[in-house]
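Novice: Provide a 3D model corresponding to the input given below.
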Amino acid sequence: MKTKIKNILKKSKLISDVNANIKCKALKKQYQFTIDKYKKIEQKHTLEELMLQKGFTKEWAENVKGKKLNIYFIGTDEFQDKSGFIQDLSKAANLTYFIRYDGVYGQYDSSQNINRKNRILNTKKVIEDIEKLIKGKRRPDIVLMQAWGFSFEIDKLIKFKKQYDLKFINISLDDRLIFESKTPPPEKYNYGILGLKGLINLSLVSNPEVVEWYLKEAIPAIFFPMASSLEFYYPMEIEKKYDVGFIGNKYGFREELVTKLINSGIKVEARGTGWKAGRIKLEDNNKFFNECKIVLGMGTVGHCKDFYTQKLRDFDAPLSGGVYVTHNNEDLKLFYKENEEIILCDTIDDYIVKIKELLKDEKRLKTIANNAYNRVKKNHTYEKRFLDLFNFLGVIICVE
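Specialist: Sure, this is the predicted structure:
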């Protein structure tokens, strides 16, 4: 009965819009609360001091200098991780990654409060895998993961980490959104990323303002933006079949934007659940982007129309050699020259005007696409991200 009611409510645009507005306000309120909270907290230690406290000493660096690091990676989303991340990490390190007992890639979903079983399974499998690597003389120099406070039995992993003097590094893609999360009173650790505080030795942070939050919590953190991989995304000499292309599921603002672009006379080809053409295979993403003159991006979060975060598309699309048009997320200006390498939009009308102007100027399309490709190739591949990370840790990497 509840499901039927929910489906009916979803079909009502008015009710759907009101619901989206409420959820967006709640998200932004939580974000502002966190910003205000950390403005009042004093940072007691520098990054350098915190790194030493967490064991990243000269002695540690000397022990791994000149060799290819052994890394054990605990991923989440196969579609995401195997679209360049795994490929580039494998080039920079000797990589072993988490596979469930049933052979499926990535952690067991432990996001639901009641799903303690999966949290236990994640912890058990990590410990078994690492002990096996140690016995096989492939002790991980770094345990790299994408995790939250609800992902593991934290106390058990902390004890295991201390037993083998391991270094845990977390990649925090969503820290702007769930640095802290609503957590039931009996739980010892926050369900957000902050719940990993006692476990991690370093946090790789994709949102620049969040670095300060970690440092004030006495957690070493550095800015580590998203990226892409030339192993997966690259220009192809093929026909541009579509004016504008988009990959992503159909819902909320995405549907509204694509619909209004089409109604304005712009030809848009969309791929993903809910669109007429349906989902696209992961391995076909690059070809599809290459078939598009313009790749459409949307930087919004959840139900919001004016709250943004980085997306993998922000690097995948330009590396494919397409012109990328997306939301005016200030973060992107750290990576690209606006109007020369990327096109940023504030409103739907802005999207319409700028896309129509671009489609009339083939020369400008080619120039922007070439500029963006060169920028990402030089500065924003995962391989470069990891080599920069290892250099930061004081390691001279041996990459074969």
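
Novice: for the rest of this, base every contact and every neighbour count on C-alpha atoms.
Specialist: Will do.

Novice: phi, psi of Phe73?
Specialist: Phe73 adopts backbone torsions of phi -110, psi 130, taken as degrees, to the nearest 10.

Novice: which residues touch it?
Specialist: Phe73 makes contact with 95-98, 143-145 under the criterion Cα atoms under 8 Å, 6 or more residues apart in numbering.

Novice: reformat those as a markdown table; add secondary structure.
Specialist: Output for these, formatted as a markdown table (DSSP: H, G, I helix; E, B strand; the rest coil):
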| residue | secondary structure |
| --- | --- |
| Leu95 | strand |
| Thr96 | strand |
| Tyr97 | strand |
| Phe98 | coil |
| Val143 | strand |
| Leu144 | strand |
| Met145 | strand |
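
Novice: and the pLDDT at Gly322?
Specialist: Note on Gly322: pLDDT of 89.

Novice: bridging residues for the residue lying closest to Phe223 once chain neighbours are set aside?
Specialist: Taking Cα to Cα, 6 or more residues apart in numbering, and ignoring the residues beside it in sequence, Phe223 has Val205 as its nearest neighbour in space, at 4.9 Å. For Val205, the beta-bridge partners under DSSP bridges are Ser172, Phe223.

Novice: pretty sure Val205 contacts Leu173?
Specialist: Yes. Val205 lies in contact with Leu173 (Cα atoms under 8 Å); the separation is 6.7 Å.

Novice: list the buried residues of stretch 262-273.
Specialist: Of the residues in stretch 262-273, 266, 268-272 count as buried by neighbour count, 16 or more other Cα atoms under 10 Å.

Novice: can you give me the end-to-end span of it?
Specialist: 18 Å (Cα to Cα, to the nearest Å).

Novice: one more: stretch 208-221?
Specialist: 10 Å.

Novice: buried ones in that stretch, by neighbour count?
Specialist: Result for stretch 208-221 [16+ other Cα under 10 Å]: buried residues 210-221.

Novice: same check on stretch 78-96?
Specialist: Residues of stretch 78-96 classed as buried by neighbour count (16+ other Cα under 10 Å): 82-89, 92-96.

Novice: any idea of the mean pLDDT in stretch 199-208?
Specialist: 96.

Novice: still on that earlier bit, show me which of the buried residues of stretch 208-221 is closest to Thr34.
Specialist: Ranked by distance to Thr34 (Cα to Cα), the buried residues of stretch 208-221 are led by Trp213 at 8.6 Å.

Novice: list the contacts of the closest one.
Specialist: Tyr38.

Novice: quick one: secondary structure of it?
Specialist: helix.

Novice: against Asn249, how distant is it?
Specialist: Distance of Trp213 to Asn249, given as Cα to Cα: 32 Å.

Novice: swap in Trp148?
Specialist: Trp148 is 24 Å from Asn249, by Cα to Cα.

Novice: need the contact list for the most centrally placed residue in the chain.
Specialist: The centroid of the chain falls nearest to Leu173 when counting by Cα atoms, centre = their mean (4.1 Å). Applying Cα under 8 Å, 6+ apart to Leu173 gives the contacts 146, 205-207, 226.

Novice: go again using 10 Å as the cut-off
Specialist: Residues in contact with Leu173, defined by Cα atoms under 10 Å, 6 or more residues apart in numbering, are 146-147, 193, 204-207, 224-226, 309-311.

Novice: any chance of a markdown table for those residues, columns distance to Glu78?
Specialist: Converted to a markdown table, the contacts of Leu173 look like this (distance: Cα to Cα, whole Å):
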| residue | distance to Glu78 |
| --- | --- |
| Gln146 | 12 |
| Ala147 | 14 |
| Ile193 | 20 |
| Leu204 | 20 |
| Val205 | 21 |
| Ser206 | 19 |
| Asn207 | 22 |
| Phe224 | 20 |
| Pro225 | 19 |
| Met226 | 16 |
| Thr309 | 21 |
| Gln310 | 19 |
| Lys311 | 16 |
